[in-house]
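Q: just to be clear, the model below is a prediction. Sequence and coordinates:
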Amino acid sequence: QVQLVESGGGLVQAGGSLRLSCAASGRSFSRNVMGWFRQAPGKEREFVAAIGSSGGSTMYADSIKGRFTISRDNAKNTVYLQMNSLKPEDTAVYYCAARLAGLVVTNRYDYNYWGQGTQVTVSS
């Protein structure tokens, strides 16, 4: 079992920055692929970024590439999402997800555990 708790969301003006954190407990964090997804009202949950177990492999959605950075600290069992140059269209609930094994992937159905989400609101 893996428990994931997100934090760091909030209200920010367009052009601002936020850093999301996801603290994991349970099964060995360092072996998990970790991902961030987001869901805006009335829309499907979409992939944002993912990182491999050692941190050496990352993937990003085209919509956030160059603005967001995913990273992880296996000693702290935590994955981060640094979000810069935020836009109103980035407004969503952001979810952390864990994939117990395998490659870094973008399909949400390949992730086994999910956090409760943290709200990010970007005002124009």
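A: Yep, it's here.
Q: residue ranges with poor pLDDT in this structure?
A: Within the chain, the stretches with pLDDT under 70 are 27.
Q: centroid residue for this protein?
A: Trp36 (2.2 Å; Cα atoms, centre = their mean).
Q: my guess is it contacts Leu81. True?
A: Yes: between Trp36 and Leu81 a contact is recorded at 4.8 Å, counting by Cβ atoms under 8 Å. For the C-beta atoms, the positions are set from N, CA and C on the backbone; glycine is no exception.
Q: quickly list what's touching both of these two.
A: Leu20, Cys22, Val48, Ala49, Ile70, Tyr94 (Cβ atoms under 8 Å, 6 or more residues apart in numbering).
Q: list the contacts of the first one.
A: Remark: with contacts taken as Cβ under 8 Å, 6+ apart, Leu20 is in contact with Glu6, Ser7, Gly8, Gly9, Trp36, Tyr80, Leu81, Met83, Tyr94, Cys96, Thr118, Val120.
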